[in-house]
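Trainee: Generate a structure from the sequence data that follows.
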Amino acid sequence: MLPIKTEKQKDNLAKFSYDIAKIILVITVISPIAKPETFHLSLFIGGFMVTMLFFVLGYILDAKEVKL
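Mentor: Numbers count the residues shown, from 1 in each chain. Model prediction:
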């Protein structure tokens, strides 16, 4: 695993993962829907999968114990 030394580094890495997921989602999934002539199913599926990968990474890094 990455050498994360502080809680702030962990939070920043989680935010970075979320931001990368949003950028990939816009470029590979949403923009081809807006311009149908540039739509490729394989790019759509691949982009969605990579987006989910970065989202899950951010979610795991951002996970904190929730006290009810």
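Trainee: Which pLDDT value belongs to Pro1?
Mentor: Let me fix one detail, which is that residue 1 is Met and not Pro. What the model reports for Met1 is a pLDDT of 56.
Trainee: should've said Phe54
Mentor: For Phe54, the pLDDT comes out at 93.
Trainee: tell me what the host helix or strand of it is packed against?
Mentor: Here Phe54, judged by DSSP states H and E, is contained in helix 41-62. With contacts taken as 3 or more C-beta pairs under 8 Å, 6 or more residues apart in numbering; DSSP states H and E, helix 41-62 sits against helix 7-25. No exception for glycine: its C-beta is placed from N, CA and C like everyone else's.
Trainee: quick one: Val50 and Ile24 touch, right?
Mentor: Yes - with contact defined as C-beta atoms under 8 Å, Val50 counts as touching Ile24 (5.3 Å).
Trainee: Number of residues surrounding Leu57?
Mentor: Residues contacting Leu57 under the criterion other C-beta atoms under 10 Å number 17.
Trainee: Which residue, neighbours along the chain excluded, lies closest to it?
Mentor: Spatially, and ignoring its direct neighbours in sequence, Leu57 is nearest to Ser17 (4.6 Å; C-beta to C-beta, 6 or more residues apart in numbering).
Trainee: residues contacting that neighbour?
Mentor: Phe54, Phe55, Leu57, Gly58, Leu61 (C-beta atoms under 8 Å, 6 or more residues apart in numbering).
Trainee: Alpha carbons of the helix holding Phe54, in PDB - could you do that?
Mentor: Extracted as PDB, the C-alpha positions of helix 41-62 are listed here (Å, rounded to 0.1, in the frame of the first residue of the first chain):
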ATOM      1  CA  LEU A  41     -19.700   1.200 -26.900                       C
ATOM      2  CA  SER A  42     -16.300  -0.200 -25.900                       C
ATOM      3  CA  LEU A  43     -15.100   3.300 -24.800                       C
ATOM      4  CA  PHE A  44     -18.300   3.900 -23.000                       C
ATOM      5  CA  ILE A  45     -18.100   0.600 -21.000                       C
ATOM      6  CA  GLY A  46     -14.300   0.900 -20.400                       C
ATOM      7  CA  GLY A  47     -14.700   4.500 -19.200                       C
ATOM      8  CA  PHE A  48     -17.500   3.600 -16.900                       C
ATOM      9  CA  MET A  49     -15.500   0.700 -15.400                       C
ATOM     10  CA  VAL A  50     -12.400   2.900 -14.800                       C
ATOM     11  CA  THR A  51     -14.700   5.600 -13.300                       C
ATOM     12  CA  MET A  52     -16.100   3.000 -10.900                       C
ATOM     13  CA  LEU A  53     -12.500   1.800 -10.000                       C
ATOM     14  CA  PHE A  54     -11.400   5.300  -9.000                       C
ATOM     15  CA  PHE A  55     -14.700   5.900  -7.200                       C
ATOM     16  CA  VAL A  56     -14.300   2.700  -5.100                       C
ATOM     17  CA  LEU A  57     -10.700   3.600  -4.400                       C
ATOM     18  CA  GLY A  58     -11.800   7.000  -3.100                       C
ATOM     19  CA  TYR A  59     -14.600   5.400  -1.100                       C
ATOM     20  CA  ILE A  60     -12.200   2.900   0.500                       C
ATOM     21  CA  LEU A  61      -9.700   5.700   1.400                       C
ATOM     22  CA  ASP A  62     -12.500   8.000   2.700                       C
END
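Trainee: Sounds good, over and out.
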